[in-house]
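# based on what follows, work out the 3D shape:
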Amino acid sequence: QVQLVESGGGLVQPGGSLRLSCAASGRTFSGYAMGWFRQAPGKEREFVAAIRWSGGNTHYADSVKGRFTISRDNAKNTVDLQMSSLKPEDTAVYSCAASRSTTTQAMAAGVIHYWGKGTLVTVSS
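I've put the predicted structure just below:
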């Protein structure tokens, strides 16, 4: 059974930092692109960041570029999202995702084969 389990969410003040982690299990994710999406209250889910299997190619939403960094450890089957300079508009449920597509662009376009349940990030003073 494939599982993507997120951790690291919580309450943080504006301007602060938070690191999310996703642990994947149940199959090998060799060749899979991995990434993060988020859904704010009352809004549709949106793409945040993606990374190829090799880790050599990353893709970010314009809204987080320069503030968020995605990374992965294939030996541990984990993918992390380091978030800095957080803003109230970053408040959302952040979900980990995996795509059999090897490209980050396909993941950004919504080609997703596995989802995690999500972790809540609240940015508020």
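# quickly find the element holding C96.
strand 92-99 (DSSP states H and E).
# so which residues make contact with that strand?
By Cβ atoms under 8 Å, 6 or more residues apart in numbering, the surrounding residues in contact with strand 92-99 are 2, 4-6, 9, 20, 22, 24, 29, 32-41, 43, 45, 48, 50, 79, 81, 106-107, 111-121. Any C-beta I mention is one placed from the backbone N, CA and C, and that applies to glycine too.
# drop anything exposed from those residues.
Those of the contacts of strand 92-99 that meet the buried threshold are 4, 6, 9, 20, 22, 24, 29, 32-38, 45, 48, 50, 79, 81, 106-107, 112, 114, 116, 118-119, 121, by 16 or more other Cβ atoms under 10 Å.
# show me where the protein has strands.
Along the chain, counting by DSSP state E, strands occupy 3-7, 10-12, 18-25, 33-39, 46-51, 58-60, 68-73, 78-83, 92-99, 114-115, 119-123.
# could you work out the end-to-end span of stretch 114-125 for me?
34 Å (Cα to Cα, to the nearest Å).
# same thing with stretch 76-94?
First-to-last residue span, stretch 76-94, Cα to Cα: 20 Å.
# that one: how far from the chain's middle?
When C-alpha coordinates are averaged (Cα atoms, centre = their mean, to the nearest Å), stretch 76-94 and its chain have centres 7 Å apart.
# residues of it that come out buried?
So for stretch 76-94, counting by 16+ other Cβ under 10 Å, buried means 77-83, 86, 90-94.
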